[in-house]
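Engineer: the sequence and its predicted three-dimensional model are supplied below.
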Amino acid sequence: MTATGALVIGPPLPRAFYERPAPVVARALLGRLLVSRLGGRLTAGLIVETEAYLGPEDGASHAAFRPSSLDLFYGPGGHAYVFRAYGLHLCLNAIAGAAGTPGCALIRAVAPIRGEAVMRRRRRRPAGRDRGPELTGGPGRLTEALGISLRQNGADLTRGALTIRSVGSRLEAGSPHFAVASGPRIGITRARRRRLRFWIRGHPAVSRRG
């Protein structure tokens, strides 16, 4: 994997990227760039950890127990689903699947590549601390760092102020240049054994390794 400071922000991922099963999308998001121009500031991070959530058959999915999420869950892929977890932290998800098929991919951790000073101010983290999980490792940390709020719920991730983009000038094909690990999802109480968490093996910004 190229050093994060040298990564070039490419074009937004197209709608077709998201119109696949949630586990496929969650894994494929690794190594892509979450780019925010919210609040008039450019901040961006390399996606290093995700989790997939399925439809009503998945006890941990909001499609199973949170009726207010149904319109988004069953809508077309490529839109943001932002919610407040446990009344505390905001979580950003990318809706996956074609219209009528539920599912999403939670963005769990990113590594800063642009606007780190802005992220630190938003997170009230002093300069000089490491760039690991304390800054943007965890759903609530990364949303705060990138200025994401409930106003972005339903936003189109293929255009606008909050997008997910490729690295470089085109959507990369072929095998990623890093090893991908997978394991059970974390931070939930339902359906905990499903191996639907994906992360870049060995990356220091992952929220929890192993």
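Structural biologist: In hand now; what should we look at?

Engineer: thinking residue 146 is in contact with residue 37, fair?
Structural biologist: No - applying C-beta atoms under 8 Å as the test, residue 146 and residue 37 come out as separate, 9.7 Å apart. All C-beta atoms are positioned from the backbone trio N, CA, C, and that covers glycine.

Engineer: anything in contact with each of those two?
Structural biologist: Counting by C-beta atoms under 8 Å, 6 or more residues apart in numbering, the shared contacts of residue 146 and residue 37 are residue 162.

Engineer: helix or strand right after the lowest-mean-pLDDT helix or strand in the chain?
Structural biologist: Least confident helix or strand, the chain: helix 62-65 with a mean of 65, by mean pLDDT, DSSP states H and E. Next helix or strand after helix 62-65 toward the C-terminus (DSSP states H and E): helix 70-73.

Engineer: so which bits of that next one are buried?
Structural biologist: Of all the residues in helix 70-73, those buried under the rule 16 or more other C-beta atoms under 10 Å are 72-73.

Engineer: so which elements touch that helix?
Structural biologist: helix 62-65 (3 or more C-beta pairs under 8 Å, 6 or more residues apart in numbering; DSSP states H and E).

Engineer: geometrically speaking, which residue is the centre of the protein?
Structural biologist: Of all residues in the chain, the one closest to the mean position by C-alpha atoms, centre = their mean is residue 107, 2.1 Å from it.

Engineer: please name the nearest non-neighbouring residue to that residue.
Structural biologist: What sits nearest to residue 107 in space, not counting adjacent residues and going by C-beta to C-beta, 6 or more residues apart in numbering, is residue 92, at 5.0 Å.

Engineer: so what's the one you found bridging to?
Structural biologist: residue 82 (DSSP bridges).

Engineer: likewise for residue 33?
Structural biologist: residue 46, residue 165.

Engineer: tally up the residues packed near it, please.
Structural biologist: By other C-beta atoms under 10 Å, the residues close to residue 33 number 25.

Engineer: same thing with residue 8?
Structural biologist: Neighbour count for residue 8, taken as other C-beta under 10 Å: 12.

Engineer: right, I'll leave it there.
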